[in-house]
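Visitor: Sequence below, structure please.
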Amino acid sequence: MTQPTNPCHTCRRRRVKCDLSVPFCQKCVRNGRECLGYGEKLFIWNRGLASRGKLMGKTYSFDQKKPPLPSTRPLPGSVHVPYTNAPMYPILTDPHLQGLDTTSQYYMYYFGSKVCNELVLYNNPMHNPFNTLISRTSEFEILRHITAAIAAIHLSRTELLSRINTTDVDSSQKSDFYVDEQLSSEKLLWHPLKDPYRDALREKQKALHLLAKAMKYPKTYADVAFMCVLLFVKFELMHPESTESHVHLQGARTLLDISSLSEDAKIFGVKAYRNSVLSDHIIYDVMEHTLIPSRPWDQALSSALIPILESLEISRHLPCPLEFIQMALKFRKLLRQNTDSGEAIRCESEEINSLVECFASFDIPGWAYSFLKVPWCESCPTDSSVKVHVGEAQKMAYCIFTIRVANVSNQADRIDHYISQMIKHLSLVPPEEPLYKTTSWPTFIAGLESNNQDVLDWSLSRLRLMRRLLPWGYIERVVRILKTVKRGDGQDGMRGLIQGNWTQGLRMALENYPIVL
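Guide: Residues are numbered from 1 along each chain as shown. Prediction:
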């Protein structure tokens, strides 16, 4: 939805400042007034046109009582503010939201104005494929319900964080829930809804029911079903206690095998959105099967998806160079060849060293500055130097992850160097940068790998700040996993797993959860 520049007609008549909210002014709602909508002119239909009979073609007026003259109410002192009892007219509603109740309209507004910003690296309305989903909700009921569910769970999480008070939990739990003391003094989030969390569960259930119906005709509704399944993954990532994202990812893999999911989507507008979120799917798939190589793996399917990412239009959704994904695929294949019946992995150190060197020698500055030649990057708010720091941090994280998963020994000095470089680059990415939200993975690796308590505290503090800026449940889960695996406090049956390599504890913690970069 386009953000209005002029106040609504109700606030204009009242001569008060409008908050410019869409689809209706929140100031009017809070004061119990009907918002007349936006626009340069307010159209009031007061004259009709006869279409038949002797008066055909002539206009006539409806009987309408004249509104009373403005009256004044005295205020303390000598100030008098005119009070007008003007008639109210129906709100002008977005055509895509016609027929929806007020709650659904608000969730569509919230999805378009808040959630869409967090689903892409850069929020450019002209290049954000998630913005187009709202216009498709009038055609597909399942799409409307799942977008409303995502908006509701996001709103619920935001409201929860805004209502946290330091007196609600004891000091031992405080570090899990608080970024700093300012969080408790923030203004509570206002919205016209009674229970967003209950709404989220109800909308999700409706979407699941419609998805089951759509899957009875996979050839016909494959594109829409695939769109919704990937949105279900987003929903589960926002829910801190959910473990169902793995189920939806498996469903997405099944749908990718259907021939109707081809280069030319049958529904206009679906292809751009579908391809944009495939990058997330590929990252989840590759990283999951690299950490747990014994799981079933469709090498041909994952390799076939890589060409989709080679387009610059799609690559802008990746937080790291495409070559990293390709090298991770190579690493996954190498692990599969050297994995025995259990989880023990035996790889030749020369092969791993060669792969790590490929990661470490990659030209991150060249990759970052190459985006300056792309037209859509002209409107990106991020400086190229910030992209360099994010890319370097991701590169160090991939190097450490490769060494640890392959269980290569005698790499302490090398890993210490990677950790120091990773922390240095992460420290140069400020929270106000859009790419800050893509640094959870290297921050997590730094906390896992370092034996320095200060580094662990720094990682936890950075993740909590990220959760404050990005109220997704998976970040809260990452904080819990980091504390559990690192300190071995016995939760989730992982006591003692921090001795030596942390990958075994991480496998248990992420058994039904994707790795989010």
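
Visitor: looking at the chain, which helix or strand is least sure?
Guide: One helix or strand of the chain scores below all others by mean pLDDT, DSSP states H and E: helix 182-185, with a mean of 35.

Visitor: Toward the C-terminus, what is the element adjacent to that helix?
Guide: Per DSSP states H and E, the first helix or strand lying C-terminal to helix 182-185 is helix 196-214.

Visitor: got the buried residues for that next one?
Guide: Neighbour counts over helix 196-214 (16 or more other C-beta atoms under 10 Å) mark 196, 199-201, 203-204, 206-207, 210-211, 214 as buried. Every C-beta, even on glycine, is put in place using the N, C-alpha and C of the backbone.

Visitor: low-scoring stretches of the stretch 101-250 of the chain, by residue?
Guide: Residues of the stretch 101-250 of the chain meeting the criterion pLDDT under 70: 125-127, 163-191, 218-220.

Visitor: 80 - rerun?
Guide: In the predicted model, the stretch 101-250 of the chain carries pLDDT under 80 at residues 121-129, 132, 162-193, 217-224, 240-250.

Visitor: which stretches of it form helices?
Guide: Assigned by DSSP state H, counting those that start in this stretch, the helices in the stretch 101-250 of the chain fall at 102-110, 116-118, 133-136, 141-163, 171-177, 182-185, 196-214, 218-238, 245-256.

Visitor: For those, give me CSV that also has distance to residue 409.
Guide: Listed next are the helices of the stretch 101-250 of the chain as CSV, based on distance: least, C-beta to C-beta, whole Å:
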stretch, distance to residue 409
helix 102-110, 51
helix 116-118, 40
helix 133-136, 49
helix 141-163, 42
helix 171-177, 34
helix 182-185, 43
helix 196-214, 46
helix 218-238, 35
helix 245-256, 31
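
Visitor: For residue 406, which of those is the nearest?
Guide: If you check each of the helices of the stretch 101-250 of the chain against residue 406 by C-beta to C-beta, helix 245-256 wins as the nearest, at 23.8 Å.

Visitor: for the closest one, packing partners?
Guide: If contacts are counted by 3 or more C-beta pairs under 8 Å, 6 or more residues apart in numbering; DSSP states H and E, helix 245-256 sits against helix 218-238, helix 270-291, helix 299-309.

Visitor: out of the helices of the stretch 101-250 of the chain, nearest to residue 464?
Guide: Among these, helix 171-177 comes nearest to residue 464, with 8.0 Å by C-beta to C-beta.

Visitor: May I have the one helix or strand residue 355 maps to exported as CSV, CA atoms only?
Guide: Using DSSP H and E, residue 355 sits in helix 349-360. Taking C-alpha atoms only, helix 349-360 is exported to CSV below (Å, rounded to 0.1, in the frame of the first residue of the first chain):
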residue,chain,number,x,y,z
SER,A,349,42.6,-33.3,5.8
GLU,A,350,44.0,-32.3,2.3
GLU,A,351,40.5,-32.2,0.9
ILE,A,352,39.1,-30.1,3.7
ASN,A,353,42.1,-27.8,3.7
SER,A,354,41.6,-27.2,0.0
LEU,A,355,38.0,-26.4,0.5
VAL,A,356,38.6,-24.1,3.4
GLU,A,357,41.2,-22.3,1.4
CYS,A,358,38.6,-21.8,-1.4
PHE,A,359,36.4,-20.1,1.2
ALA,A,360,39.2,-18.1,2.8
